[in-house]
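> Sequence below, structure please.
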Amino acid sequence: MPTDKTALEGTANVEPDWQAGTYEWWPSEDRLAWSPELVRLYGLDAAPHSEQDFTGLIHPDDRVRVEAETSAFLGSDAASYSHSFRIVRPDGAVRVILDRSAIERDPAGNVRRIRGLNVDVTDALGVDDTLPDAPEGMRTNDGEAPPHGICSQPDHSTELPSASDLSAKAAMLESLFDVAEVGLGIWDADFRFVHINPALAAINGLPVEAHLGRRPDEILPDLADYDALYAAWRRVLETGEPWRGVQISGETPAEPGRIRHWEEDFFPVRVCGRIAGLAAVVQETTRRDAAEARSRASESRYRALFDAIDEGFCIVEVCLDAPDGRIDYRVVEANPAFYACTGFPEAILGRWLREAAPDLEEHWYEIYGSVARTGAPRRFEEKSETLGRWFDVYAFPIDAPETGRVAILFDDISERKRQEERSEMLLHELNHRSKNMLGLIQSIARQTAASGPADFTTRFGERLMALGAAQDLLVHNDWTTVPLADLVAAQLAHFSDLFGTRIEMDGPPLTLMPDATQTLGMALHELATNAAKYGALSNADGCISVLWRVEAEGGHEPRFTLNWQERGGPPVAEPAEQGFGAKVTTRMVKTDTRGEVTLDYAPAGLSWRLSCPAGAVLDRSSAARATARSGPGS
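As a prediction, this is how the structure comes out:
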């Protein structure tokens with residue numbers, strides 16, 4: 001990047017009595033900043049606010065040329081530029097300005113800022129400083145016409161520039177025209193070339209001399225739709241308005257058989273206030289267009305893959321020093337699976353998570369902050385209580401470290417975690433049941449012996465067979481529907497001789513889904529075991545009622561309730577610690593049925609109650625039939 005000294009070299013020898021001022025211009029923002037000296041040089045009270053305001057200060061006959069030259073400078077990869085033009089001050093004075101500037105660009109080559117110096121060279125050139133009243137030609141002392149960029153002045157000018165001065169200025173503009181890396185051309189009002197620079201001639205694949213005096217359709221007949229082109233050119237000549245950003249494609253003798261692309265800006269050319277022709281700035285965009293096409297194709301492939309993968313994928317921007325001192329991040333890109341896996345709405349995109357999801361756990365910020373800070377990828381499994389899900393996550397940094405961008409590929413493993421927890425629970429249950437089996441057999445033997453020694457062996461054997469049948473029912477119906485009444489009877493089968501006397505079962509015919517069969521079977525087994533060991537079935541007087549029903553109220557989803565009530569047993573007291581059986585009958589049932597479980601250790605007898613959505617435990621047809629029976633008029 002050249003410094004001001006380099007960019008503006010050659011101005012160091014400006015005479016001290018010349019007026020000069022500096023400026024800065026940010027083209028992408030259309031913003032100007034002028035020094036006080038430059039404001040005074042232009043005879044203004046305040047600096048212009050935009051490039052359009054500045055253009056209004058340029059002499060009308062110079063405006064189009066200055067716009068074309070500026071466009072050429074900015075369209076090239078030059079680091080600096082220099083040109084001259086006239087301005088009209090508010091008091092009517094015309095001054096000639098030498099403009100030298102340094103161009104600062106971003107890494108992509110786009111113009112970021114221009115810093116320049118304007119010098120009033122009117123006195124040095126000896127040009128009259130009043131606006132011309134008529135198009136009478138200004139001539140040098142030897143009768144030569146003025147160079148391009150210096151319009152005619154009235155004959156009453158006090159001192160005309162010397163021929164050497166004017167020749168130098170013409171040479172400067174000619175040099176600029178010839179060395180510009182973009183194509184420059186000038187046509188007369190009949191659309192015949194009057195000037196073309198080497199760059200445009202090379203684009204066309206013909207010598208400069210082959211263009212002069214000829215129309216484009218005469219030398220490049222297949223390049224464009226000339227009827228439409230010339231109609232547009234006539235509008236430029238008639239209206240004086242530039243025609244910008246014109247896209248032209250075709251073949252030229254420079255590269256036969258290859259379609260190339262150009263972007264062209266056309267401007268009217270004024271000679272002392274009269275439009276005499278038009279000029280063009282031509283930039284070849286073939287490579288740029290091809291690169292953009294490749295980029296679009298690559299982006300399309302990336303987007304198709306991005307959207308098609310089943311795993312959630314997002315890119316987040318991590319802020320390690322948020323205003324409150326904590327780490328924060330926001331999602332800047334996300335595929336459809338991201339929203340499906342997290343449950344976040346699409347409105348979350350672009351919002352900082354501290355504000356958009358205030359309940360999100362702290363560990364997410366710490367993990368992604370660590371990846372952004374260290375650049376080390378992380379693979380982990382983590383649960384979000386806020387989202388109610390488990391995730392398998394791979395997070396890795398992308399782009400430059402200072403961007404703080406982290407890519408996150410993840411999958412919702414909540415179901416796998418539930419199965420793992422369920423498997424662990426089942427293993428504990430198997431171990432627990434094995435231990436309970438001996439206690440249950442002892443209880444069966446004790447209950448059987450309490451009735452007297454007569455036929456003890458027969459009744460004891462029957463109860464052991466009923467216990468075995470209950471186990472068979474769970475195994476054989478593990479993944480099929482099971483009537484609820486059969487499940488209750490199977491779990492209490494070893495006390496079947498008490499049905500109708502000490503054990504009451506009542507409820508509508510309902511059919512359980514496989515998971516509910518297993519869950520409720522385990523719960524009923526624990527309740528029955530507890531009743532036999534400590535509760536209503538541990539003496540000769542206690543009794544149990546098992547009741548179920550389905551209720552639907554006010555159009556809400558039907559709810560299933562199952563009640564276990566003990567009475568007449570030994571006094572009940574809540575245990576000091578919750579054993580495994582209590583966990584099965586409460587936490588496991590609550591989780592698997594999405595319901596509510598109440599366990600009450602009332603002194604008169606233990607009470608257990610489940611209330612849950614009917615659809616969580618009953619098969620669809622069974623739930624519909626039960627709801628119809630429980631509706632109005634049933």
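> Test my guess that Thr285 contacts Ser249.
No - in this structure Thr285 lies outside contact range of Ser249 using C-beta atoms under 8 Å: 9.3 Å. Bear in mind the C-beta positions are built from the backbone N, C-alpha and C, glycine included.
> What ranges does the stretch 401-550 of the chain have for its strands?
405-412, 482-483, 503-506, 511-512, 543-551 (DSSP state E, counting those that start in this stretch).
> Pick out the shakiest of those strands, pLDDT-wise.
If you rank the strands of the stretch 401-550 of the chain by mean pLDDT, strand 482-483 sits at the bottom with a mean of 87.
> quick one on the thing from earlier: point out the most buried one among the strands of the stretch 401-550 of the chain.
Highest mean neighbour count among the strands of the stretch 401-550 of the chain (mean count of other C-beta atoms under 10 Å): strand 511-512, with a mean of 24.
> can you list the residues that contact that one?
Strand 511-512 is contacted from outside by Thr481, Val482, Pro483, Leu484, Leu487, Leu520, Val617, Leu618, Asp619, Ser621, Ser622, using C-beta atoms under 8 Å, 6 or more residues apart in numbering.
> Which single one of those is nearest to Thr122?
Val617 (95.9 Å; C-beta to C-beta).
> Tell me how many other residues surround the closest one.
27 (other C-beta atoms under 10 Å).
> Equivalent analysis for Asp227, please.
Neighbours of Asp227 (other C-beta under 10 Å): 9.
> Quick one: residues contacting it.
Neighbours of Asp227 in contact, by C-beta under 8 Å, 6+ apart: none.
> Just the pLDDT at it, thanks.
pLDDT, Asp227: 91.
> Doesn't it lie inside a strand?
No - if the criterion is DSSP: H, G, I helix; E, B strand; the rest coil, then Asp227 is helix and not within a strand.
> and it, how far is that from Ala280?
According to C-beta to C-beta, to the nearest Å, Asp227 and Ala280 sit 18 Å apart.
> re earlier: okay, among the contacts of strand 511-512, which ones form the most distant pair?
Leu520 and Ser621 (18.6 Å).
> the more surrounded of those two?
Counted by other C-beta under 10 Å, Leu520 and Ser621 do not tie: Leu520 has more neighbours, with 24 against 10.
> Asp455 versus the more buried one, what's the distance?
Counting by C-beta to C-beta, the gap from Leu520 to Asp455 is 33 Å.
> again, but for Arg351
77 Å.
> list the buried ones in the helix or strand in which Ala231 is found?
Assessed by DSSP states H and E, Ala231 sits inside helix 226-239. For helix 226-239, burial by neighbour count (16 or more other C-beta atoms under 10 Å) applies to Tyr226, Leu229, Trp233, Val236, Leu237.
> Can you name the next helix or strand after that helix?
strand 243-250.
> what mean pLDDT does that next one have?
Average pLDDT, strand 243-250: 86.
> Let's have the buried residues of helix 226-239 in CSV, adding distance to Val584.
Supplementary listing: the buried residues of helix 226-239 in CSV, determined by distance: C-beta to C-beta, whole Å:
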residue, distance to Val584
Tyr226, 88
Leu229, 85
Trp233, 89
Val236, 87
Leu237, 92
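> which of these lies closest to Phe560?
Closest to Phe560, out of all of these and judged by C-beta to C-beta, is Leu229, at 79.2 Å.
> Many thanks, have a good one.
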